[in-house]
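**Q** compute the structure for the input listed below.
(one chain, ligands or ions: 2)
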Amino acid sequence: MATTHNLGFPRIGKNRELKFALESFWRGDSSQQALQQTGQTLRQTHWQAQNQLDYLPVGDFSFYDHVLDASALLGNFPSRVNDQANDLDKYFQVARGQSQSESACQHISAGEMTKWFDTNYHYIVPEFDADTSFSLHASRLLSQISEAKQQGIKVKPVIVGPVSYLWLGKSKDGSNKLDLLDDLVATYEQLLLALDKEGIEWVQIDEPILVTELDQQWQHALKQAYFALNKAPVKLLLTSYFGELKENLHLACELPVAGLHIDAINAFTEVTNVVDWLAPHKVLSLGVINGRNIWKTDLNATLDWLEPLQARLKVRLWLAPSCSLLHVPVDLDSENELDDEIQSWLAFAVQKLDELSILAAALNEGREAVAEELVLNAFALQSRQNSSRVHNSKVKARVKAIEPALANRQSTYQQRAKVQQQRFNLPLFPTTTIGSFPQTAEIRQARKRYRLGKLEESDYQQFIKNEIKYAIEQQEVIGLDVLVHGEAERNDMVEYFGQQLDGYAFSQFGWVQSYGSRCVKPPIIYGDISRPKPMTVDWAVYAQSLSDKPVKGMLTGPVTILNWSFVRDDQPRSQTCQQIALAIRDEVQDLEQAGISIIQIDEAALREGLPLRQSQWQAYLDWAVNSYKISANGVSDETQIHTHMCYSEFNDIIEAIADMDADVITIETSRSDMELLDVFKEFDYPNEIGPGVYDIHSPNIPTVEQIVLLMKKASQRIPAERLWVNPDCGLKTRGWKEVKPALTAMVTASLILRNSLPE
Ligand code: GLN
Ligand code: ZN
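**A** Ligands and ions are numbered 1, 2, ... in the order given. Predicted coordinates for the structure are as follows:
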């Protein structure tokens, strides 16, 4: 009999109930009890939705983040939290600097947040120093266990493993995190004892670092931890996901635990190897349903390879999604505006668990037992495979015909720079912005009314034109050198393009947690991507007609569009990216044709797509950078190409960035005091660069002196003739009241810099 279980369920709620409850509590509009009540209701609903499984996860629910929950469980909050506060207030202090905005509690600096492996989920980084000690605070977990037991379900607590917990955290004083391992493991031993007392049989212990490159110290730490925990009276299911185990495969198989879970989607080729290596008393849990995408599983094909394995493993075989379902939307049945055919190809969390049950039934009772379900599944898959909406032969032919030359500019940067200087005659330290201007309540409302059909097309057009006009006027007054139209027509830098591209679908409720109460709704790429008509040209031309200064055309790059979408699983990501690249290339060329002389192609998420293992980075960078170049480089020498990235930790990928060959790149740097530019000491970045001079995330207005100082630092690394002056990122979250003085300071600083330079 195959046993079914789940690694984690989305916690945000089908209608984002958790988001609204949290935000209401933080605002001070509702009580802690009300929030706790919402939490309890959500947990109960989610357990009900998983009820058909043999083991249900408990402890996967979180008010903010499961790594922060682990810190709470282990008594590891930074010492700056207010000792007087209650547990939940302390928790939110670490998460976001304060609990309720109304409360008298002091405001502390929030814990750092960073990406959870290669997902778009962000966790709160645990903090350590040489004096860190751990102590068990299990009441939250234990009370959820008793809640679940009251519902009569089979409980499998879920915890972050001790070694991954250390690995994910940051040492604040440079001490070695691994020195804390013994103390940490001792706390885990206590936890497992407590769980045993509750009658728990299996505990899921997540060690996702098993799919990363680990040095000997970390490999040893895993051995040390699990040999110690082996004494515990409960059974441990050691869980890895998101990738292949590779050189850690034997280690994972040999750690003394009762069971191992592997991601049979991303590590499909390792399954047989693991079956061979795993000791005969151990359970093997296979993650056979993709927990990272929204496509239906091919159930028949999965059974084809699972059945022989079941014959070998018998009761030792467990089935689960590949990873926690945190990374997919909750329930497809909520959708009522998706096209029926496309909807029939999809599975969200609830549907994925149905698939799991069908697989288990087929294995346990024979395929006949679920014959109808299997036929329906095959039918849906066939419809997707053969659909003329998925396949566009023209697009495929175009991708096939891509030649290397398509990615390259006509001349070198040096030659282009000369032609461009003649055309634009820009001063030293030219000033510009990253694209968006404040998205006021009126703008958001106009877009919404237009979407709902409450605002006529022509009125909406006029409204946006007025916004563009206002933005251009303001920039002229402020005295910027290269202007933008302000992006008032865009809700989101990916959705805006997705909505105009063929091959894209949009869900209504397909929310996925990004961090805390924040969710994103990634659009779905279901088919070959093409551009039926120009997407931005009219707005760009209108904006340019209002000024004698160059107004940048503004596009999102193919890699960012890809990385922020749910992507097809029936062709390599690189191929989908090339299709998007060709669509953007057409847009770039249309903009050029229409007289737009500077075009910016944002690649905010290029770095995000880096694979988990560094050994695989180059392969990704090769196709990602090439796709960007295909989109950008089909223009004449006198057209200036800008790109923008929302980070600048690219020390390790600087060569790939240089290879993009944008005439100008604007990046985020101000928060690090230009330290991030240190990479340019060793690497001679060849083209122009605009290191962001102020942090747009903060309402603070930079002073002229600050900006001058930062730019002087920058000019120690990069020759002044190749420097631009600009903010860190787009200004859409700010108000005009802040934007005007901030940009004015920027322009003044640039004038000072120009005049202070020796002739
Ligand atoms: N052009 C976009 C803007 O200014 C860039 C946003 C981003 O990089 N995230 O809003
Ligand atoms: Zn940005």
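**Q** quick check: what element follows the lowest-mean-pLDDT helix or strand in the chain along the chain?
**A** Lowest mean confidence among the helices and strands of the chain (mean pLDDT, DSSP states H and E): helix 679-682, at a mean of 86. Using DSSP states H and E, the helix or strand that directly follows helix 679-682 along the chain is strand 688-691.
**Q** quickly check: that following strand near ligand 2 or not.
**A** No: Strand 688-691 lies out of reach of ligand 2 by C-beta under 5 Å from the ion, never closer than 11.6 Å. Every C-beta, even on glycine, is put in place using the N, C-alpha and C of the backbone.
**Q** and that strand, how far out from the chain middle?
**A** Taking C-alpha atoms, centre = their mean, to the nearest Å, one finds the center of strand 688-691 at 25 Å from the center of the full chain.
**Q** list the helices and strands it packs on?
**A** Here strand 688-691 touches strand 664-667, helix 704-717, going by 3 or more C-beta pairs under 8 Å, 6 or more residues apart in numbering; DSSP states H and E.
**Q** need the winner for burial among those.
**A** strand 664-667 (a mean of 25; mean count of other C-beta atoms under 10 Å).
**Q** now residue 115: how far from ligand 2?
**A** Distance from residue 115 to ligand 2, counting by C-beta to the ion, to the nearest Å: 16 Å.
**Q** correction: the previous question concerned residue 146.
**A** In terms of C-beta to the ion, residue 146 sits 46 Å off from ligand 2.
**Q** so who does the closest residue to ligand 1 within the chain touch?
**A** In the chain, no residue comes nearer to ligand 1 than residue 730, which is 2.0 Å away by C-beta to the nearest ligand atom. Contact partners of residue 730, counting by C-beta atoms under 8 Å, 6 or more residues apart in numbering, are 433-436, 487, 696.
**Q** just checking, next helix/strand downstream of the strand or helix carrying residue 309?
**A** When elements are assigned from DSSP H and E, residue 309 belongs to helix 299-313. For helix 299-313, the following helix or strand on the C-terminal side (DSSP H and E) is strand 317-321.
**Q** now do that next one: everything it contacts.
**A** The contact list for strand 317-321, computed with C-beta under 8 Å, 6+ apart, reads 2-7, 237, 259, 261, 283-291, 306, 309-310, 352-353, 356, 359-360, 363.
**Q** among those, which lie within helices?
**A** In helices, defined here by DSSP state H, the members of these are 306, 309-310, 352-353, 356, 359-360, 363.
**Q** between the residues you listed, which is closest to residue 396?
**A** Nearest to residue 396 out of those is residue 352 (C-beta to C-beta; 29.4 Å).
**Q** who in the protein is up against ligand 1?
**A** For the chain, the contact set with ligand 1 under C-beta under 6 Å from any ligand atom comprises 434-436, 487, 493, 554, 602, 604, 644, 646, 729-730, 732.
**Q** local confidence estimate at the nearest residue to residue 96 once chain neighbours are set aside?
**A** Nearest non-adjacent residue to residue 96, counting by C-beta to C-beta, 6 or more residues apart in numbering: residue 110, 5.1 Å away. We have a pLDDT of 86 for residue 110.
**Q** gap between residue 110 and residue 30?
**A** Applying C-beta to C-beta, to the nearest Å, the value for residue 110 to residue 30 is 21 Å.
**Q** which residues does the residue nearest to residue 96 contact?
**A** 93-97, 124 are the contacts of residue 110 under C-beta under 8 Å, 6+ apart.
**Q** which of the three states applies to it?
**A** Here residue 110 is recorded as coil under DSSP: H, G, I helix; E, B strand; the rest coil.
**Q** can you count the residues close to residue 603?
**A** 29 (other C-beta atoms under 10 Å).
**Q** next one: residue 199
**A** 10.
**Q** what's the pLDDT at it?
**A** 96.
**Q** what kind of secondary structure is it in?
**A** coil.
**Q** about what we covered before: could you identify the most distant pair in the contacts of residue 730?
**A** 487 and 696 (13.7 Å).
**Q** and residue 488, what element?
**A** Assigned by DSSP H and E, residue 488 falls outside every helix and strand.
**Q** in the helix holding residue 309, which residues are buried?
**A** When burial is assessed from 16 or more other C-beta atoms under 10 Å, helix 299-313 yields the following buried residues: 299, 302-303, 306, 309-310, 313.
**Q** could you work out the most separated pair of the residues you listed?
**A** 299 and 313 (18.9 Å).
**Q** which stretches of the stretch 51-200 of the chain have low pLDDT?
**A** 102-106 (pLDDT under 70).
**Q** which residues in it form helices?
**A** 66-73, 87-96, 139-150, 162-168, 181-197 (DSSP state H, counting those that start in this stretch).
**Q** can you pull the buried residues of stretch 533-552?
**A** 534-537, 539-544, 546, 549-552.
**Q** and that stretch, how far from the chain's centre?
**A** For stretch 533-552, the distance to the chain centre is 31 Å (C-alpha atoms, centre = their mean).
**Q** ends of it, how far apart?
**A** 20 Å (C-alpha to C-alpha, to the nearest Å).
**Q** ok, stretch 546-563 next?
**A** OK, stretch 546-563 end separation, C-alpha to C-alpha: 35 Å.
**Q** stretch 717-731 too?
**A** Per C-alpha to C-alpha, stretch 717-731 runs 27 Å from first to last residue.
**Q** quick one: buried residues of that stretch?
**A** Those would be 717-718, 722-731, for stretch 717-731 by 16+ other C-beta under 10 Å.
**Q** how far away is residue 157 from residue 240?
**A** 18 Å.
**Q** show me the contacts for the residue nearest the centre of the chain.
**A** Nearest residue to the geometric centre of the chain (C-alpha atoms, centre = their mean): residue 120, 1.9 Å. Taking C-beta under 8 Å, 6+ apart, we find residue 120 in contact with 327, 512, 514, 520, 522, 564, 608.
**Q** helices - which of those land there?
**A** Among the contacts of residue 120, no member lies in helices (by DSSP H).
**Q** burial of the residue of the stretch 351-500 of the chain found nearest ligand 2, as a residue count?
**A** Ranked by C-beta to the ion, the top residue of the stretch 351-500 of the chain for proximity to ligand 2 is residue 434, at 5.8 Å. Per other C-beta under 10 Å, the neighbour tally for residue 434 reads 27.
**Q** quick one, grab the pLDDT at whichever residue of the stretch 201-350 of the chain sits closest to ligand 2.
**A** Nearest to ligand 2 in the stretch 201-350 of the chain, going by C-beta to the ion, is residue 327, at a distance of 23.2 Å. As predicted, residue 327 sits at a pLDDT of 98.
**Q** dump the residue contacts of it.
**A** So residue 327 contacts 119-121, 291-292, 512 (C-beta under 8 Å, 6+ apart).
**Q** next one: residue 46
**A** 9-11, 61.
**Q** can you name the two of those residues that are farthest apart?
**A** 10 and 61 (9.8 Å).
**Q** the two: which is more packed in?
**A** residue 10 (27 against 23).
**Q** that'll do, ta.
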